[in-house]
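# pasting the sequence and the predicted coordinates here, then a few questions.
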2 protein chains.
Amino acid sequence: MKTELTGLLGIKYPIIQGGMAWISEAQLTSAVSNAGGAGIIASGGRDVEWVRQEIKKTKTLTDKPFGVNVVLMDLNKEEKIELICEEKVDFVTLGAGNPVPYIKKFHEAGIKVIPVVPSVKLAKRVQDNGADALVIEGMEAGGHIGTQTTMALMTNVIPEIDIPVIVAGGIADGRGIAAALLMGAAGVQIGSRFLLASECTLHPKAKNKIIQAVDTDSVVTGYSRGHGVRGLKNSFTEKFLELERSGAPQEVLNELATGTNRLAAVEGDIENGLVQVGQSLHVLKEIKSAAEIIEDLMAQTKETLTQAANLLKE
Amino acid sequence: MKTELTGLLGIKYPIIQGGMAWISEAQLTSAVSNAGGAGIIASGGRDVEWVRQEIKKTKTLTDKPFGVNVVLMDLNKEEKIELICEEKVDFVTLGAGNPVPYIKKFHEAGIKVIPVVPSVKLAKRVQDNGADALVIEGMEAGGHIGTQTTMALMTNVIPEIDIPVIVAGGIADGRGIAAALLMGAAGVQIGSRFLLASECTLHPKAKNKIIQAVDTDSVVTGYSRGHGVRGLKNSFTEKFLELERSGAPQEVLNELATGTNRLAAVEGDIENGLVQVGQSLHVLKEIKSAAEIIEDLMAQTKETLTQAANLLKE
């Protein structure tokens, strides 16, 4: 399937893998890229040496395009950007800060720039400043989220923008991909579904908790403070939300939340850590290879798009 | 366009109008029904006599199917249900409570029953208890909202359910309708777009504030307390959210919020009242008749569905 995104990145399918902290490293990234999507290494919170190693390792595991996600509030972002430009990965996604000052530098290194934007205004700004594409991510996504949902972002942003728009947040099956493409998306970014890839290093206990979860097991901590993080309900989220509701100082909440992603994802403590995953949980039911996941997704996408003709006939 | 919903209700287009408190009365309801959708009278918070009058008035204004929305936490719900059964409207939508005890009574009166459900579990329960269809409403909707988004609900619920599913929340143009139908919806419920119908009695100042609003002007009060209400940012929401964050008692928040919908919608106080509207604000740009709105929506729906064939070709 060819879209503006497959053309831009030189990939087979219009799917990029979400950059997930403590999750997206060489193994998952290369598996997604080898399967015809575009894998992404999540550099957020990591040291520069780790990022260098993962980029080098990914290059040994795939000759297909892949990217790096940069969190622009990271203290060592400048060094990471320097490294990425040296290593000349195919593209970057940029979030949690103003991407505009970095676009030229990446372009000079031959790297495509795909900012994640929360609104029409910022979508227009990055477009005007030369971004190659952009990501809109609905608050049904796992991990750090904004306020607009996927349907609202698709309705508000896509008609206003000329560069390719990649839709993220709650898209976990081919029906969601078909819907996004039909609304004008050039492609989708998928995180949660790849958490169940056999190549994903997420702790088995966390994978199992996701498989067991039903739709109402999703919760957002910190929403009322403007720092929403989505994951699965557990002892940690219960404690956090009680403190949040009672007006606890932000520092207390920050301290409680620090390290909880790693605790669940790496250590497998799924009660005191936070299993970060999106809200479309009912279709996350089995562990498969990244290649199988992508083949399943694309088959369902095509089957779903085929049904449009039937709707028009009636 | 024929879908399971148009067949069930005997309507021309798969669009029902959201039941909006202080908004959805005879004039808007009949205009939507006359235009080929299904209008809905919002009985929530009203006295029984008002509901009787509006049903009778709607019957003089249209011979097409229309419905009544019942809020099951209303104190006078039993009397309203009695009245609706006497008046034999075509269908009811039921929210904010357990609809199961009322399904048989409505059916005996020849009235179709369409509960609004927040999860897969409750969707299955109302299906098993004889509901004719159901509504899933994403938290991008205006007014009182749940926690799941439209994309998450469509992904989670639709594949699990056999009766017609109506999708609501953030659907404000034909692209959104096409996406919902493609994901398996039998139809959509639209509220906010009809706020700008010329037949809608919403105060002109509130209509104008909606037209001026951009995507980031939407905010949810009470989300951290499990009582989310979406509307446009203003002095009221700022005050409410500050109190909410600081851990103010629920009674204080309730008292502050009481009457704010009516204050904006009827009195036109758009700073101290709450203009309840959904998050897909960028396409809410002009006042048109309900008939023009529906014709525009359906033309764009068909145009959007046509593009699926092009996506498959490439």
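Done, it's in. Residues are numbered from 1 along each chain as shown, chains lettered A, B, ... in the order given.
# ok, for A:G36, nearest residue in space, not its chain neighbours?
Spatial nearest neighbour of A:G36, excluding adjacent residues (Cβ to Cβ, 6 or more residues apart in numbering or on different chains): A:K12 at 3.4 Å. Glycine gets a C-beta too; all of them are placed from N, C-alpha and C.
# what are the phi and psi values for the one you found?
Per-residue torsions, A:K12: phi -80, psi -40 (degrees, to the nearest 10).
# what residue in chain A comes nearest to chain B?
Chain B sits closest to A:G247 of chain A, with a gap of 2.4 Å, by Cβ to the nearest Cβ.
# what's the model's confidence in stretch A:184-201, averaged?
Averaged across stretch A:184-201, pLDDT comes to 98.
# all helices for the stretch 201-314 of chain A, in order.
Along the stretch 201-314 of chain A, counting by DSSP state H, counting those that start in this stretch, helices occupy A:204-212, A:235-245, A:250-257, A:260-265, A:290-313.
# which one of those has the most crowded surroundings?
When you average the neighbours per residue for each of those (mean count of other Cβ atoms under 10 Å in any protein chain shown), helix A:260-265 leads with a mean of 22.
# may I have that helix as CSV, with CA atoms only?
Coordinates of each C-alpha in helix A:260-265 appear next as CSV, following Å, rounded to 0.1, in the frame of the first residue of the first chain:
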residue,chain,number,x,y,z
THR,A,260,7.5,3.6,37.7
ASN,A,261,7.6,3.0,33.9
ARG,A,262,11.0,1.3,34.2
LEU,A,263,9.9,-0.6,37.4
ALA,A,264,7.0,-2.3,35.4
ALA,A,265,8.6,-2.6,32.0
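# now for A:D162, how many residues are close by?
By other Cβ atoms under 10 Å in any protein chain shown, 8 other residues sit near A:D162.
# in terms of helices and strands, where is it?
A:D162 is part of no helix or strand when elements are defined by DSSP states H and E.
# disregarding residues adjacent in the polypeptide, which is nearest to it?
A:Q127 is the one closest to A:D162 (Cβ to Cβ, 6+ apart), at 6.7 Å.
# and for A:I81?
A:Y102 (6.0 Å).
# specify the local secondary structure of the one you found.
Per DSSP: H, G, I helix; E, B strand; the rest coil, the local secondary structure of A:Y102 is helix.
# do you know the pLDDT at it?
A:Y102 is assigned 98 on the pLDDT scale.
# contact partners for it?
A:L72, A:I81, A:L94, A:V113 (Cβ atoms under 8 Å, 6 or more residues apart in numbering or on different chains).
# tabulate those residues (JSON lines), appending neighbour count.
Output for those, formatted as JSON lines (neighbours: other Cβ atoms under 10 Å in any protein chain shown):
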{"residue": "A:L72", "neighbour count": "18"}
{"residue": "A:I81", "neighbour count": "23"}
{"residue": "A:L94", "neighbour count": "28"}
{"residue": "A:V113", "neighbour count": "23"}
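# in TSV, list those residues along with distance to B:L241 and pLDDT.
Formatted as TSV, the contacts of A:Y102 follow (distance: Cβ to Cβ, whole Å; pLDDT from 0 to 100):
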residue	distance to B:L241	pLDDT
A:L72	26	96
A:I81	36	98
A:L94	29	98
A:V113	34	98
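# farthest pair in those?
A:L72 and A:V113 (12.0 Å; Cβ to Cβ).
# what is in contact with the two at once?
A:L94, A:P99, A:Y102.
# which of these sits closest to A:A109?
A:Y102 (10.6 Å).
# what's the distance between the closest one and B:L122?
Relative to B:L122, A:Y102 is positioned 47 Å away (criterion: Cβ to Cβ, to the nearest Å).
# now the helices of the stretch 201-314 of chain A as JSON lines including distance to A:P159 and mean pLDDT?
As requested, the helices of the stretch 201-314 of chain A are exported to JSON lines (distance: least, Cβ to Cβ, whole Å; pLDDT from 0 to 100):
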{"stretch": "helix A:204-212", "distance to A:P159": "34", "mean pLDDT": "98"}
{"stretch": "helix A:235-245", "distance to A:P159": "36", "mean pLDDT": "98"}
{"stretch": "helix A:250-257", "distance to A:P159": "36", "mean pLDDT": "97"}
{"stretch": "helix A:260-265", "distance to A:P159": "35", "mean pLDDT": "98"}
{"stretch": "helix A:290-313", "distance to A:P159": "19", "mean pLDDT": "95"}
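# mind putting the ones you listed into a markdown table with distance to A:L153?
Listed next are those as a markdown table, based on distance: least, Cβ to Cβ, whole Å:
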| stretch | distance to A:L153 |
| --- | --- |
| helix A:204-212 | 24 |
| helix A:235-245 | 25 |
| helix A:250-257 | 25 |
| helix A:260-265 | 24 |
| helix A:290-313 | 20 |
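# need the next SSE after the helix or strand encompassing A:V188, C-terminal direction.
Per DSSP H and E, A:V188 falls inside strand A:187-190. Sequence order places helix A:192-195 as the next helix or strand after strand A:187-190, per DSSP H and E.
# just checking, what packs against that following helix?
When contacts are defined as 3 or more Cβ pairs under 8 Å, 6 or more residues apart in numbering or on different chains; DSSP states H and E, helix A:192-195 sits against helix A:204-212, helix A:290-313.
# got the CA positions of the last one in PDB?
Written as PDB, here are the backbone C-alpha positions of helix A:290-313 (Å, rounded to 0.1, in the frame of the first residue of the first chain):
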ATOM      1  CA  ALA A 290       6.400  -7.900  14.700                       C
ATOM      2  CA  ALA A 291       6.200  -9.300  11.100                       C
ATOM      3  CA  GLU A 292       3.000 -11.300  11.900                       C
ATOM      4  CA  ILE A 293       1.500  -8.200  13.700                       C
ATOM      5  CA  ILE A 294       2.200  -6.000  10.700                       C
ATOM      6  CA  GLU A 295       0.900  -8.600   8.200                       C
ATOM      7  CA  ASP A 296      -2.300  -9.000  10.300                       C
ATOM      8  CA  LEU A 297      -2.800  -5.200  10.500                       C
ATOM      9  CA  MET A 298      -2.400  -4.700   6.800                       C
ATOM     10  CA  ALA A 299      -4.600  -7.500   5.800                       C
ATOM     11  CA  GLN A 300      -7.400  -6.100   8.100                       C
ATOM     12  CA  THR A 301      -6.800  -2.600   6.800                       C
ATOM     13  CA  LYS A 302      -7.300  -3.700   3.200                       C
ATOM     14  CA  GLU A 303     -10.300  -5.800   4.100                       C
ATOM     15  CA  THR A 304     -11.900  -2.900   6.000                       C
ATOM     16  CA  LEU A 305     -11.200  -0.400   3.200                       C
ATOM     17  CA  THR A 306     -12.900  -2.900   0.800                       C
ATOM     18  CA  GLN A 307     -16.100  -2.500   2.800                       C
ATOM     19  CA  ALA A 308     -16.400   1.100   1.800                       C
ATOM     20  CA  ALA A 309     -17.700   0.100  -1.600                       C
ATOM     21  CA  ASN A 310     -20.500  -1.900   0.000                       C
ATOM     22  CA  LEU A 311     -21.500   1.100   2.200                       C
ATOM     23  CA  LEU A 312     -21.800   3.200  -1.000                       C
ATOM     24  CA  LYS A 313     -23.800   0.600  -2.900                       C
END
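# which parts of chain A are strands?
A:15-17, A:39-42, A:66-71, A:91-95, A:112-117, A:134-137, A:143-144, A:165-168, A:187-190, A:218-221, A:229-232 (DSSP state E).
# tell me the most buried of those?
With neighbours taken as mean count of other Cβ under 10 Å, these reach their highest mean count in strand A:15-17, at a mean of 30.
# perfect, that will be all.
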